[in-house]
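Student: Next input, structure requested:
(3 chains)
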Amino acid sequence: MARTLINMPKRARRGEIVEIKAMIAHVMETGYRRTETGAAIPRDILRLFVCTCDGEEVFRAEIHPGIAANPYFAFSALAAGSGTFVFSWTGDNGFAATESVRLEIE
Amino acid sequence: MSARCAAVLLAAALPALAGEIPPAQRVSGYEQMSRETRAMQDDAAANPAALWVAEGEALWKLKAGTVERACADCHGESGDSMKGVAARHPVIDSGSGRPRNLEQSINRCRTMRQGAAPLDYESRELLALTAFVASQSRGMPIAVEESERSRPFIEAGREIFELRLGQVDIACAQCHDDYWGRRLAGSVIPQGHPTGYPLYRLEWQGVGSLQRRLRGCMAGVRAQPFDYGSPELVNLELFLMWRARDMAVETPAIRP
Amino acid sequence: MRRRDFLAATGAVAGTLALRADLASATPEQAQEAIRALVGGGTLRKGRVKLDLPPLVENGNAVPLTVTVDSAMSAMDRVRAIHVIAEKNPQPVVAVLRFGPRAGRAAASTRIRLADTQTVVAVAEMADGTFWSGSAEALVTMSACVEGV
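Tutor: Have a look, this model is predicted:
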């Protein structure tokens, strides 16, 4: 699976807002680049990033070629209760990656 | 001597007269970047090179080669034992008496201790391992060996640094000693200290080694780049690290 | 040459020209059209949306961007989505950031590509059906997307 990095606390107080940073290794080939000999390099990008907590959606990003390589998203979530955060990325050529992090309420 | 002769001789002599940057005036390319790019380098959770460091950490713990041995098996799980290693590279190889850079040290360990095949320059695995090992030296002062046995190679590297190269016929020293801080096609010319390698270059949209950057510069002056791993490039690396002595390691850095 | 072959030849050329047009950067008018399409019959007002972008970009391949919307993120006052539009990129819509029921603050950061010196617009879609926008300008010294490999 592609390399991913999730940065978020593992513990929080109920009702607290937790900051989440998620990054994934992906070339995000735009489809506009050409090789030295002029051949077009086909598009190969991520299309969607979704973060859920216990199945409820926190944040999603619909991704287009204008997002930089190795896509990075920072956002926040409401710590309503202990739960499992699931991060999933999908893209061209059947690309799929998932990570999960458990958050415990203190 | 005619005035024209004198002018030509003076023009030829100028680059030799312009000397190295006084140690107190040395600055890392970090200082010349925008606030936002610097922030990207400083935030481990946002620095894209962290993806390579994380992969390096995984490879560090992976059993490899005919003897099924991981780097961690000899050097420890955490990588702490690698503190200072990158700050001292290139080192002088006791066998050959010649300098050896970090990539070569890693490959030497792979072949001699793990029975594993050496990794290619700019391969995902070698960049990841080098980034992981070098990041252990972050914040430490660069301190390559300065001795009777290293001096000839530092000087060989200096010769290349001061040599006019390529169709553009320009030496590294002319841009990076004499014109640093000024602009070349919209980009600010840095002094060229390799404090943060391997680093994430926005231009590459990925992590690359110092040798990749040096070869890119050589192509830029329309010179045939030295081969990856060539003695010329390793000597130049040694000289550049000596030139950056006492400056802090920034690996993994970000540069435009 | 037979008529059919001649038409095929010119058709191929026209097809190539169409491809070239795709590669050309979008115009601010096309970006405005994209914004009009997403707003539809709703109202669009300037305000409440703060877009942080470096004013001078050394390399357009990775430009840090933060959008913050002045919203309590309560049931009554909530951001549904933020549309990020770069008016001169080959495709003006860069990303659509959607906030779910478990979202925290009405803010997000990412890194985008900028193909030229341009204005970037963020349009916030509120739960009450209104739209608010903010923008920022960036001077790009090294363009993304449209430079060679």
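
Student: Could you use CA atoms for every contact and neighbour count after this?
Tutor: Noted.

Student: I'd say C:Val140 and C:Thr119 touch.
Tutor: No. C:Val140 lies out of contact with C:Thr119 (CA atoms under 8 Å); the separation is 10.7 Å.

Student: So the two - more neighbours on which side?
Tutor: A side-by-side neighbour count of C:Val140 and C:Thr119, using other CA atoms under 10 Å in any protein chain shown, places C:Val140 first with 22 against 17.

Student: give me the beta-bridge partners of the more buried one?
Tutor: Beta bridges link C:Val140 to C:Val57 when assigned by DSSP bridges.

Student: and the nearest residue to B:Gly186 once chain neighbours are set aside, what is it in contact with?
Tutor: Nearest residue to B:Gly186 in three dimensions, chain neighbours excluded: C:Thr141, at 5.8 Å (CA to CA, 6 or more residues apart in numbering or on different chains). C:Thr141 makes contact with B:186-187, C:56-60, C:116-117 under the criterion CA atoms under 8 Å, 6 or more residues apart in numbering or on different chains.

Student: In what element of secondary structure is the residue nearest the centre of chain C found?
Tutor: Central residue of chain C (CA atoms, centre = their mean): C:Ile85, 1.7 Å from the mean position. According to DSSP states H and E, C:Ile85 maps onto strand C:79-86.

Student: do the same with C:Gln32
Tutor: Here C:Gln32 is assigned to helix C:28-39, by DSSP H and E.

Student: And the helix or strand following that helix, what does it pack against?
Tutor: Beyond helix C:28-39 on the C-terminal side, the first helix or strand identified by DSSP H and E is strand C:44-46. For strand C:44-46, the elements it packs on are strand C:131-140, judged by 3 or more CA pairs under 8 Å, 6 or more residues apart in numbering or on different chains; DSSP states H and E.

Student: Give me the residues contacting the strand it packs on.
Tutor: C:39, C:42-60, C:114-126.

Student: Could you do stretch B:66-85 as well?
Tutor: Residues contacting stretch B:66-85 (CA under 8 Å, 6+ apart): B:57, B:60-64, B:114-116, B:133-134, B:136-137, B:140.

Student: Give me the phi and psi angles of B:Ser137.
Tutor: In terms of degrees, to the nearest 10, the main-chain angles of B:Ser137 are phi -90, psi 10.

Student: Report how many residues lie close to it.
Tutor: Neighbour number of B:Ser137 under other CA under 10 Å is 24.

Student: go on, A:Glu19?
Tutor: 16.

Student: do you know how far it is from A:Ser82?
Tutor: The gap separating A:Glu19 from A:Ser82 is 15 Å, by CA to CA, to the nearest Å.

Student: Also C:Val84?
Tutor: Distance of C:Val84 to A:Ser82, computed by CA to CA: 32 Å.

Student: Pick out whichever of those two has more residues nearby.
Tutor: Counted by other CA under 10 Å, C:Val84 and A:Ser82 do not tie: C:Val84 has more neighbours, with 26 against 18.

Student: Surely that one and C:Ala122 touch.
Tutor: Yes. Counting by CA under 8 Å, C:Val84 does reach C:Ala122; the two are 4.6 Å apart.

Student: And the pLDDT for the residue nearest the centre of chain B?
Tutor: What sits nearest the mean C-alpha location of chain B, by CA atoms, centre = their mean, is B:Leu210, with 3.7 Å. B:Leu210 is assigned 98 on the pLDDT scale.

Student: quick one: B:Trp52 is in a helix?
Tutor: Yes. Counting by DSSP: H, G, I helix; E, B strand; the rest coil, B:Trp52 is part of a helix.

Student: Distance of it relative to A:Arg43?
Tutor: 23 Å.

Student: Compare the two and say which is more crowded by neighbours.
Tutor: Legend: neighbour count by other CA under 10 Å for B:Trp52 and A:Arg43, higher for B:Trp52 (28 against 16).

Student: Pull out the buried residues from stretch A:89-106.
Tutor: By neighbour count on 16 or more other CA atoms under 10 Å in any protein chain shown, the buried set for stretch A:89-106 is A:89-91, A:101, A:103-104.

Student: Next: stretch C:115-129.
Tutor: For stretch C:115-129, burial by neighbour count (16+ other CA under 10 Å) applies to C:115-126.

Student: Could you save those as TSV and add columns showing distance to B:Glu103?
Tutor: Below are the buried residues of stretch C:115-129 laid out as TSV (distance: CA to CA, whole Å):
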residue	distance to B:Glu103
C:Ala115	35
C:Asp116	37
C:Thr117	39
C:Gln118	41
C:Thr119	43
C:Val120	42
C:Val121	44
C:Ala122	44
C:Val123	47
C:Ala124	48
C:Glu125	50
C:Met126	53
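
Student: quick one on the thing from earlier: and the strand holding C:Ile85, what does it pack against?
Tutor: Against strand C:79-86 (3+ CA pairs under 8 Å, 6+ apart) you get strand C:93-99, strand C:118-126.

Student: May I see those strands organised as CSV, with mean pLDDT and distance to chain B added?
Tutor: CSV is the format used below for these (pLDDT from 0 to 100; distance: least, CA to the nearest CA, whole Å):
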stretch, mean pLDDT, distance to chain B
strand C:93-99, 97, 17
strand C:118-126, 97, 17
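
Student: need the ones you listed in JSON lines with distance to B:Gln32, can you?
Tutor: Shown next, in JSON lines, are these (distance: least, CA to CA, whole Å):
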{"stretch": "strand C:93-99", "distance to B:Gln32": "28"}
{"stretch": "strand C:118-126", "distance to B:Gln32": "23"}
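
Student: Which of these sits closest to chain A?
Tutor: For chain A, the closest of those is strand C:93-99, at 4.5 Å, according to CA to the nearest CA.

Student: send the alpha carbons of the closest one over as CSV?
Tutor: Extracted in CSV, the C-alpha atoms of strand C:93-99 (Å, rounded to 0.1, in the frame of the first residue of the first chain):
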residue,chain,number,x,y,z
VAL,C,93,-11.7,23.6,-9.9
VAL,C,94,-8.8,22.4,-7.7
ALA,C,95,-10.7,20.7,-5.0
VAL,C,96,-14.1,20.6,-3.2
LEU,C,97,-13.7,20.2,0.5
ARG,C,98,-16.9,18.9,2.2
PHE,C,99,-17.6,19.0,5.9
